[in-house]
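K.L.:
I would like to see how this sequence folds:
(2 chains)
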Amino acid sequence: MKVDIDKANQEAVSRILKAKPTIVDISTAGEVVPGMKKNLILHAGPPLTWDRMCGPMRGAVIGGLIYEGLAKNQKEAEELAASGDIEFSPWHHHDGVGPMAGVATYSMPVWILENKTFGNKAYCTLNEGLGKVLRYGAFSDEVIAKLKWMETELAPILKKAIEKHGEIDMKNLISQALQMGDEGHNRNRAGTSLLIRELAPYLVRLDEDREKIAKVLEFMHSNDHFFLNLTMPAAKCTVEPAANIEGSSIIYTMARNGTDFGIRISGLGDRWFTAPATMVDGLYLPGFTAKDAAPDIGDSVITETSGIGGFAMAAAPAIVKFVGGSPKDAVNFTKQMYEITVAENDTYQIPFLDFRGTPTGIDLLKIMETGILPRINTGIAHKDPGVGMVGAGLVKPPMKCFEDALEAFADKYGD
Amino acid sequence: MNVKPINELFEKELVVINMGLESFADNLRDVDVKVLQMNWKPPAGGNKKIASLLARLGR
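P.N.:
From the prediction side, this is the model:
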């Protein structure tokens, strides 16, 4: 053996545990996201070209181009997307993450989070709510109008409130939310409420139209997932310092684009290992069935990668009403994840498990030794562009990408 | 062959730990024997290729 894998993994997970994800500001993607430009569209998951995009990803790209004024309608947007004039790049290559399709364009507002321990930043758009929304592939006039309101009113008002409040400690908010029945991926009711509690006093003191402030508060209040677009960049800036540690088999990225599921391993640098995205086993909104579903999609699995989300489901038994299964299943999912992780979180704790820390630091080698795959909970998008959300459920990633990563890891570090 | 220890064993109450196929444990449960099914699988689920890759990494 060429390296001490266990020692490298301890270094990787110690960096994850030391992280201090913090909300520092709101800006636009064009202003702050590294490498952002007007003809670039960021998306969830591993790299992807227009010709291989699934329905909801195409729908979100169409909506993004209309939102930016680069296309007037679906036909124009599809032609432009296929023309080669538009570039596509994974959020993960630009220090960010995007839920579901994860599409972000130049003018969209983004949260800016900073890991105060290591100084690295992470970005994410603001959450639009559920149903007919861009991240699920919808692009109707009402979707675009809401995005414009988010750009021109929601984000500027929240930015001013954060300036008055000062930076917000996300590690603290997430740990509180886990004590209140959230797991940070598909249950964010407590986290959203905590954020409103933080910001409300500063919002009402702003020199802004009262009706506009009320609309901001109403929007956050009506959207339990508002906090998701903060747990995601919090998780991203938490795990990023664990990348590129020689000899470490810790997984620092899991992500899906609706076509492929991809992972990256600390000791193997920036290389993606991908396999076809799998289908989600879930509960459907009225009028939809499994036949309507697109394959697994989104960067939100960064939450599981950091030790919350599906890995913390024992903290969130009520989530089963949204993603399926029973409360006992939720507990068992978390317990099983201890088999494939190298540490227990020293901040994120689960009351029902006697305040045991969440399973943290996913080890590729443990996955391959046990055959236990990471447990992920997720939303389900309609397979066609323009429709939106159809349900939520549980999904297992494809084993093939882990097998390929193991082979590469053994080639680099094995005897 | 001295079979005495085996006979003595079966004269006491049996408590069995079963590894592997759970149907073995089920058969014993059917005749009211206490059985603990161990949560165990062969490394890499018995996949020889994966096991050999893990062995190269000292696992």
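
K.L.:
so where's chain B uncertain?
P.N.:
Residue ranges of chain B with pLDDT under 70: B:1, B:3.

K.L.:
quick check: the residue of it nearest chain A.
P.N.:
Residue nearest to chain A within chain B (Cβ to the nearest Cβ): residue B:56, separated by 3.2 Å. For the C-beta atoms, the positions are set from N, CA and C on the backbone; glycine is no exception.

K.L.:
which residues touch that residue?
P.N.:
For residue B:56, the contacting residues are A:410, A:414-415, by Cβ atoms under 8 Å, 6 or more residues apart in numbering or on different chains.

K.L.:
and chain B, which of those reach it?
P.N.:
A:410, A:414-415 (Cβ under 8 Å from any Cβ of the partner chain).

K.L.:
ok so, going back, give me phi/psi at the residue of chain B closest to chain A?
P.N.:
Dihedral angles of residue B:56 (phi, psi; degrees, to the nearest 10) stand at phi -60, psi -20.

K.L.:
in space, what's closest to it - neighbours in sequence excluded?
P.N.:
Counting by Cβ to Cβ, 6 or more residues apart in numbering or on different chains, residue B:56 lies nearest to residue A:414, which is 3.2 Å off, once chain neighbours are set aside.

K.L.:
same question for residue A:13.
P.N.:
Spatially, and ignoring its direct neighbours in sequence, residue A:13 is nearest to residue A:361 (3.6 Å; Cβ to Cβ, 6+ apart).

K.L.:
give the helix, strand or coil label for the one you found.
P.N.:
Three-state call for residue A:361 (DSSP: H, G, I helix; E, B strand; the rest coil): strand.

K.L.:
burial measure for it, as a count.
P.N.:
A count of nearby residues for residue A:361, using other Cβ atoms under 10 Å in any protein chain shown, gives 30.

K.L.:
which of the contacts of residue B:56 count as buried?
P.N.:
Applying 16 or more other Cβ atoms under 10 Å in any protein chain shown to the contacts of residue B:56, the neighbour count classes A:410, A:414 as buried.

K.L.:
let me know the closest of the contacts of residue B:56 to chain B.
P.N.:
Set against chain B, the nearest of the contacts of residue B:56 by Cβ to the nearest Cβ is residue A:414 (3.2 Å).

K.L.:
and the closest one, how far from residue A:59?
P.N.:
Distance of residue A:414 to residue A:59, given as Cβ to Cβ, to the nearest Å: 44 Å.

K.L.:
same question for residue A:346.
P.N.:
41 Å.

K.L.:
just residue B:7 next, same as before
P.N.:
From residue B:7 across to residue A:59, the span is 74 Å (Cβ to Cβ).

K.L.:
what does residue B:5 give?
P.N.:
72 Å.

K.L.:
same check, this time on residue A:320
P.N.:
Residue A:320 sits 29 Å away from residue A:59, going by Cβ to Cβ.

K.L.:
the more surrounded of those two?
P.N.:
Each of residue A:320 and residue A:59 has its neighbours counted (other Cβ under 10 Å); residue A:59 has more, 31 against 19.

K.L.:
elements contacting whichever strand or helix holds the more buried one?
P.N.:
Assessed by DSSP states H and E, residue A:59 sits inside helix A:55-67. The elements that helix A:55-67 packs onto, with contact taken as 3 or more Cβ pairs under 8 Å, 6 or more residues apart in numbering or on different chains; DSSP states H and E, are strand A:40-43, helix A:74-83, helix A:141-149.

K.L.:
got a list of what the residue most central in space within chain B touches?
P.N.:
In chain B, the centroid-proximal residue (Cα atoms, centre = their mean) is residue B:19; its distance is 2.3 Å. Contact analysis of residue B:19 by Cβ under 8 Å, 6+ apart lists B:38, B:40.

K.L.:
can you give me the neighbour number for residue 53?
P.N.:
Reading this off chain A. Residue A:53 has 21 neighbouring residues, counting by other Cβ under 10 Å.

K.L.:
could you do chain B instead?
P.N.:
Neighbours of residue B:53 (other Cβ under 10 Å): 22.

K.L.:
skipping adjacent residues, who's closest to it in space?
P.N.:
Closest residue to residue B:53 apart from its sequence neighbours, by Cβ to Cβ, 6+ apart: residue A:410 at 4.3 Å.

K.L.:
returning to that earlier point: residue B:43 is nearest to which of the helices and strands packed on helix A:55-67?
P.N.:
Proximity to residue B:43 (Cβ to Cβ) singles out strand A:40-43 among those, at 37.5 Å.

K.L.:
so which elements touch that closest one?
P.N.:
With contacts defined as 3+ Cβ pairs under 8 Å, 6+ apart, strand A:40-43 has these neighbours: helix A:55-67, strand A:87-90.

K.L.:
contacting residues around it?
P.N.:
Here strand A:40-43 has contacts from A:29, A:33, A:36, A:57, A:60-61, A:64-65, A:86-91, A:94, A:96, A:98, A:101-106, A:257, using Cβ under 8 Å, 6+ apart.

K.L.:
keeping just the C-alphas, turn stretch A:123-132 into CSV.
P.N.:
Extracted in CSV, the C-alpha atoms of stretch A:123-132 (Å, rounded to 0.1, in the frame of the first residue of the first chain):
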residue,chain,number,x,y,z
TYR,A,123,-23.2,29.6,-3.9
CYS,A,124,-26.8,28.6,-4.6
THR,A,125,-29.9,30.3,-6.0
LEU,A,126,-32.8,31.1,-3.8
ASN,A,127,-35.6,28.5,-3.5
GLU,A,128,-38.7,29.1,-5.6
GLY,A,129,-41.1,26.9,-3.8
LEU,A,130,-42.7,23.6,-4.9
GLY,A,131,-44.9,22.7,-7.9
LYS,A,132,-44.5,24.6,-11.1
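
K.L.:
buried stuff in it?
P.N.:
Using 16+ other Cβ under 10 Å as the test for burial, stretch A:123-132 gives A:123-130, A:132.

K.L.:
now swap in stretch A:335-351 and tell me
P.N.:
Buried residues in stretch A:335-351 (16+ other Cβ under 10 Å): A:336-338, A:340-345, A:347-350.

K.L.:
and these, which is closest to residue A:181?
P.N.:
For the buried residues of stretch A:335-351, the nearest to residue A:181 is residue A:350 (10.8 Å; Cβ to Cβ).

K.L.:
so the closest one sits against residue A:333, correct?
P.N.:
No - if you go by Cβ atoms under 8 Å, residue A:350 and residue A:333 don't touch, sitting 11.5 Å apart.

K.L.:
what sits in contact with each of those two?
P.N.:
residue A:314.

K.L.:
about what we covered before: looking at the helices and strands packed on helix A:55-67, which one is packed in the most?
P.N.:
Mean neighbour count, computed with mean count of other Cβ atoms under 10 Å in any protein chain shown, is highest for strand A:40-43 among the helices and strands packed on helix A:55-67, reaching a mean of 24.

K.L.:
chain center to stretch A:350-366, what's the gap?
P.N.:
Computed by Cα atoms, centre = their mean, to the nearest Å, the chain-centroid distance of stretch A:350-366 equals 19 Å.
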